[in-house]
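# Fold the following for me, if possible:
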Amino acid sequence: MSIQAITQTIDLGDGRLVTIETGKLAKQADGSVVVRMGNTMLLATAVARPEAGENVDFMPLTVDYREMYAAAGRFPGGFFRREARPSDQEILISRLIDRALRPTFPDDFHAETQVLVYLISHDKELLPDCLAGLAASAAIAVSDIPFTAPISEVRVARIDGHFVVNPFRSDLERADLDLMVAGNANDIVMVEGEMKEVGEDVLLSALEFAHKAIRVQVKAQVELASKLGKTKRSYSHEKHNLDLKTRISAFAYQRAYDIANEGNANKKLRSEKFKAIREEFVAGLSSEEAAENSFLIKAYFHSVEKKAVRDCVLNERKRLDGRKLDEIRPIWAETDYLPMVHGSAVFTRGETQSLTTVTLGTKLDEQIIDGVVIEGKNRFLLHYNFPPFSTGEAKPMRGTGRREVGHGNLALRALKQVVPSDFDYAVRIVSDILESNGSSSMATVCAGSLAMHDAAIPVKGHVSGIAMGLISDEETGKYAILSDILGDEDHLGDMDFKVAGTRQGITACQMDIKVNGLSFEVLKEALEQAKRGRIHILDVMDSVQPKPRAEFKPFVPQIVTMIIPGEFIGAVIGPGGKHIQELQKTTNTVISLEDVDNKGVIEIAGSDPVGIKMAQERIRLMTSVPEPGDRFTGVVKKITTFGAFVEILPKKEGLLHISEYAWEKTPDIAQVLNEGDTIDVQLLEVDQATGKLRLSRRALLPKPEGWVAPEERGPRPEGRDGGRGDRPRPRRDY
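Take a look at the predicted model:
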């Protein structure tokens, strides 16, 4: 018996089709769909608990994206040969889905909700991340889980000067802009991507282009849901005390407004003053009322504080720390702070500080990526760490979190654009956030750029980053665009828009919008304001270190590249790696060798120039082709009755026959040579069939006066073998 699925088809406009199918797989989930483009398929499910937890005033949403190795016909790596913890790529895609979905749930819906997206079939030319948001949203759209409006995500890239939605993987390599954009039918809600120093106008055009495709995909979800005719569930997840809410608003609003209007730059002092208002109000309540309403009191005070701060910004055009709307916090920076690292910098902006290091390595230090979708090696790494003391907290260290992976990836995308493609070194940048009050990822970009300059990486120029915010009032139409936002402004605001780039253009961006109705005109204004802030920060960075160091620091490994013919690769490596390991040990270098287009590309790295030069010379000798007439100083490796085997080049030996030792007759070669002796010889002949080498010592000696060459023996008589050929041989039975 076959199950009849319900499907909806989306035409991407160039003949490619995306289908959404429901009713066939995972039917016990509240909602499930299979999204397919070509041979790439995603299964998405959505499940929400029937009721919310006790005293929960937020949306407990969990989003996980996983890639199944079977989807690409592969076994997982590792000892257990099964999928384990999510890779960084899976975490990044999970974050893309989460950030787009979260604003679309009703504010008063607090039931724990889980959205799972699985890659179940993978076509190498069709990347799955651009379909993951569509699949997740469609799973909720066909469920009874409350949802304000479907969303979708698309990739938009500029390839050969033209925008393309969800391009083929091979075409993406030529793109100078690669964005993931999410939105609903009316607005853009999330953006993340990288660019090769493009202008603000190009970014805006890309967003408008992406939104057209998003509208089509949102419409398809609405039509699919209407085919099912499923109604959304009823819920009641909030309890309110309107009298208490009114009393708190009357008591706290003006006090909170006044604190916001003071312009205090100290986050801790501001927090204590806001907290004191609540404590004063609670002190006026009976112990019974305070205990009974503790959860609501906290929630109402947060709501009043948020409104007061937002109103203050809109009315006074002044911010929590006293700055103007477009003013950047004070900046100080320093390079070469750590004496024994390859490159280092401290970057401090207001109460946000990053200590960043750069380490340079060889090909052996490259990251090996063995994912379902992404395989290969990565030579440019950036790791972002956010210890609890950076916000004055004491919390357990539980390993790298999703936020750290996401922030590190954004900074990596911003900085890698300025590193030359032919730079020989592997690069690892580590940003440790020592203080945090807003935009630590952008501080990482600035500190990373300075540290790369200190490490003598020949980058095009500095890259700076800035986080922009927005506070708006839909009723009055007022809005305020904030440059270099604080942590509080991020939490209380309507937008978090991070923009990184050089003086020439944008290299990376990330945007999350929490309200509906953000027009492209406001977005354009925010980008122009961000550009002015970015240039201001670049001016400060240039004053600290305008150009990369001219030379690497003394303890940075030097790297020399050699290219050898492909037929010599085996000779350099040796059986089981014997030759290359011995060479590394004797020269104190690190040597890597790759076969590229039937040529051996060799990297020799070391801190001692003498060792590098020695390794170069040894490899040159190992890969040189000896010609007849060439002279060598060799080492005797083996003595035989008929001569000696002499190593004239590394791992290349030839036969010095006893007759070629001297002009005079040599009765016994062992009487004149020992193993380990050095001897000057000349190459007489290279056997073209076997490659064997015939050597001579006497060819280098003067011919004795009156020396006469011995007569050559004529051919042996037919049928004779040294006088014994015609004799009958005794029969031997074995």
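# Might you report the residue contacts of the residue lying closest to G31 once chain neighbours are set aside?
Excluding the flanking residues, the one nearest G31 by CB to CB, 6 or more residues apart in numbering is S143, at 2.7 Å. Heads up, the C-betas are built off the backbone N, CA and C, glycines and all. Going by CB atoms under 8 Å, 6 or more residues apart in numbering, S143 touches 29-31, 46, 48, 230.
# In what element of secondary structure is S143 found?
Using DSSP states H and E, S143 sits within no helix or strand.
# Quick check, pLDDT for it.
We have a pLDDT of 96 for S143.
# same thing with R713?
Per-residue pLDDT puts R713 at 58.
# Also K267?
K267 carries a pLDDT value of 88.
# Surely it touches N437?
Yes - counting by CB atoms under 8 Å, K267 touches N437, with 5.1 Å between them.
# More neighbours: which of those two?
N437 (24 against 21; other CB atoms under 10 Å).
# what do K267 and N437 both touch?
Residues touching both K267 and N437 (CB under 8 Å, 6+ apart): 351, 486-487.
# Which strand or helix spans I481?
strand 479-483.
# just to revisit the earlier point, which one of the shared contacts of K267 and N437 is nearest to E617?
Using CB to CB, E351 is the member of the shared contacts of K267 and N437 that sits closest to E617, with 55.8 Å.
# so where do the helices sit in the stretch 301-450 of the chain?
402-416, 440-454 (DSSP state H, counting those that start in this stretch).
# Adding mean neighbour count, write the ones you listed out as CSV.
Shown next, in CSV, are the helices of the stretch 301-450 of the chain (neighbours: other CB atoms under 10 Å):
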stretch, mean neighbour count
helix 402-416, 23
helix 440-454, 30
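# one step back: just checking, what packs against the strand holding I481?
Judged by 3 or more CB pairs under 8 Å, 6 or more residues apart in numbering; DSSP states H and E, strand 479-483 is in contact with helix 294-316, strand 464-472, helix 520-544.
# What are the contacting residues of the longest one?
Going back to what we said before, that points to helix 520-544. Under the criterion CB under 8 Å, 6+ apart, residues 188, 200, 203-204, 207-208, 326, 328, 331, 333-335, 349, 446, 449-450, 462, 464-466, 468, 470, 472, 479, 481, 483-484, 495, 497, 499-503 lie in contact with helix 520-544.
# Are any of those buried, and if so which?
Applying 16 or more other CB atoms under 10 Å to these, the neighbour count classes 188, 200, 203, 207, 326, 328, 331, 333-335, 349, 446, 449-450, 462, 464-466, 468, 470, 472, 479, 481, 483-484, 495, 497, 499-503 as buried.
# rewinding a little: by neighbours, which of the contacts of S143 wins?
A46 (28 neighbours).
# hang on, it is in a strand, isn't it?
Yes - under DSSP: H, G, I helix; E, B strand; the rest coil, A46 sits within a strand.
# I'd like the numbering to begin with 328 instead of 1 from here.
That works, and once the first residue is 328, the last one we named lands at A373.
# pretty sure it is touching Q441, no?
Yes - contact criterion CB under 8 Å: A373 and Q441 qualify, at 7.4 Å.
# quick one on the thing from earlier: any chance of the helices of the stretch 628-777 of the chain in a markdown table, with distance to K566 too?
Shown next, in a markdown table, are the helices of the stretch 628-777 of the chain (distance: least, CB to CB, whole Å):
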| stretch | distance to K566 |
| --- | --- |
| helix 729-743 | 31 |
| helix 767-781 | 37 |
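# Mind putting those into a markdown table with distance to L865 and mean pLDDT?
Listed next are these as a markdown table, based on distance: least, CB to CB, whole Å; pLDDT from 0 to 100:
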| stretch | distance to L865 | mean pLDDT |
| --- | --- | --- |
| helix 729-743 | 13 | 97 |
| helix 767-781 | 9 | 98 |
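# Determine which of the ones you listed approaches N843 most closely.
With CB to CB as the measure, helix 729-743 is the member of the helices of the stretch 628-777 of the chain nearest N843 (24.0 Å).
# what bridges to the residue nearest to E693 when sequence neighbours are not counted?
Closest residue to E693 apart from its sequence neighbours, by CB to CB, 6+ apart: K704 at 4.4 Å. With DSSP bridges applied, K704 shows beta-bridge pairing to I695.
# got a list of what K704 touches?
Counted by CB under 8 Å, 6+ apart, K704 has contacts 693-696.
# how about the next helix or strand after the strand holding I808 as CSV, C-alpha atoms only?
Next in sequence after strand 806-810, counting helices and strands by DSSP H and E, comes helix 814-819. Output of helix 814-819 as CSV, limited to C-alpha atoms (Å, rounded to 0.1, in the frame of the first residue of the first chain):
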residue,chain,number,x,y,z
GLY,A,814,24.9,44.8,25.2
ASP,A,815,21.8,46.4,26.7
GLU,A,816,21.0,48.2,23.4
ASP,A,817,21.3,44.8,21.6
HIS,A,818,18.9,43.2,24.1
LEU,A,819,16.4,46.1,24.2
